[in-house]
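A.B. asks: Kindly generate the corresponding structure for this input.
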Amino acid sequence: MALSIEQQRFREVREQLGYTQTKFAEMLGIGSSTADIERGKVKLPGQAVMELMNLFQINPLWLYDKSAEKTIAYIDSHVMPKILQVNNQLEENILLVPIRAAAGYGANIGDEEFYENLPAFSIPLPAYRNASFRGFQISGESMIPGIQPEEWVIAKALENISQIKDGNIYVIVEADSVRIKRIFKESDTLISLVSDNPEFPPVQVPISQILEIWEYHSKITTATDANDINLQTLYRELQEIKRKIDMK
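C.D. replies: Got it, this is the predicted structure:
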């Protein structure tokens with residue numbers, strides 16, 4: 001049985017660190033041995049990915065061949081996705097986090113079973129390759145008019161905090177919430193979350209409280225653009241006025 005890229009790299013990390021399969025499994029909290037993972041009999045658990053990052057600063061995106069950076073400093077790496085999911089062709093899925101699941105997303109950040117219950121799909125377009133994406137359904141009106149309630153935002157994982165660009169839109173995952181806001185860096189340890197809707201005041205959040213950050217990439221909506229309707233109505237009214245003038 002051919003090993004997946006993450007299983008190969010998992011074994012590579014263990015061998016380079018010099019741990020036995022038994023000791024490594026104990027350190028990662030994933031059973032009595034890593035043998036079944038390294039033989040391709042079981043998938044790499046999300047728990048193992050999270051502990052590799054916490055203990056050895058192993059980049060989760062490198063494990064799945066999504067980044068050339070094998071390790072990353074903790075202050076940066078702690079905002080990266082803790083679990084990735086691939087399909088039968090070993091292509092990464094885009095997991096969808098509906099409104100009803102968002103409340104428990106942060107609390108289950110390292111629980112692989114939680115992720116397996118989320119809907120998943122893929123978009124076979126170049127814009128959605130060579131990066132990790134996740135879909136979040138938006139609740140509330142803090143980002144109107146650009147992002148409406150119940151629309152789906154497709155967002156790209158950040159590899160580190162330094163990639164944040166002031167004023168851009170991000171999905172911010174905390175232990176008890178999933179929010180979409182514009183981010184402004186206040187310092188090395190503090191950011192401001194700013195809504196597009198002026199009725200929602202800015203909020204300052206310590207970077208240490210953030211579990212994941214996803215950069216806004218695109219959105220999926222079934223709503224009709226109100227501006228288009230207004231333009232169509234205006235066009236029909238102008239045509240009617242023109243017709244009446246021509247009749248005189």
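
A.B. asks: rest of the way, CA atoms for contacts and neighbours
C.D. replies: Noted.

A.B. asks: Just give me how far the longest strand that the chain contains sits from the chain centre.
C.D. replies: Selection of the longest strand in the chain by residue count, based on DSSP state E, yields strand 210-220. Relative to the centre of its chain, strand 210-220 is centred 5 Å away, using C-alpha atoms, centre = their mean, to the nearest Å.

A.B. asks: Paired strands for it, with orientation please.
C.D. replies: Sheet pairing of strand 210-220 (DSSP bridges) gives strand 152-157 (antiparallel), strand 169-174 (antiparallel).

A.B. asks: quick one: average pLDDT of the first one?
C.D. replies: Per-residue pLDDT over strand 152-157 has a mean of 94.

A.B. asks: Distance from the chain centre to it, please.
C.D. replies: That offset, for strand 152-157, works out to 6 Å (C-alpha atoms, centre = their mean).

A.B. asks: Ok, stretch 156-174 next?
C.D. replies: Computed by C-alpha atoms, centre = their mean, the chain-centroid distance of stretch 156-174 equals 10 Å.

A.B. asks: Just the CA atoms of the helix or strand where Glu51 lies, as PDB, please.
C.D. replies: Per DSSP states H and E, Glu51 falls inside helix 46-56. Extracted C-alpha coordinates of helix 46-56, given in PDB (Å, rounded to 0.1, in the frame of the first residue of the first chain):
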ATOM      1  CA  GLY A  46      -5.600  15.300  13.800                       C
ATOM      2  CA  GLN A  47      -4.300  14.900  17.300                       C
ATOM      3  CA  ALA A  48      -0.900  14.000  15.900                       C
ATOM      4  CA  VAL A  49      -0.800  17.000  13.600                       C
ATOM      5  CA  MET A  50      -1.700  19.300  16.400                       C
ATOM      6  CA  GLU A  51       1.000  17.900  18.800                       C
ATOM      7  CA  LEU A  52       3.600  17.900  16.100                       C
ATOM      8  CA  MET A  53       3.000  21.600  15.800                       C
ATOM      9  CA  ASN A  54       2.900  22.300  19.500                       C
ATOM     10  CA  LEU A  55       5.900  20.100  20.500                       C
ATOM     11  CA  PHE A  56       8.200  20.500  17.500                       C
END
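
A.B. asks: list the helices and strands that helix packs on?
C.D. replies: helix 21-28, helix 60-63, helix 74-77 (3 or more C-alpha pairs under 8 Å, 6 or more residues apart in numbering; DSSP states H and E).

A.B. asks: residues making contact with it?
C.D. replies: With contact meaning C-alpha atoms under 8 Å, 6 or more residues apart in numbering, helix 46-56 is reached by 28-30, 58-60, 71, 74, 77-78, 82-84, 110-112.

A.B. asks: Tell me where the model's unsure across the chain.
C.D. replies: For the chain, the stretches flagged by pLDDT under 70 are 1, 73-78, 90, 222-248.

A.B. asks: To what extent is the nearest residue to Lys185 once chain neighbours are set aside buried, counted in neighbours?
C.D. replies: Closest residue in space to Lys185, ignoring its immediate chain neighbours: Ile191 at 4.4 Å, by C-alpha to C-alpha, 6 or more residues apart in numbering. Number of residues near Ile191 (other C-alpha atoms under 10 Å) recorded here: 18.
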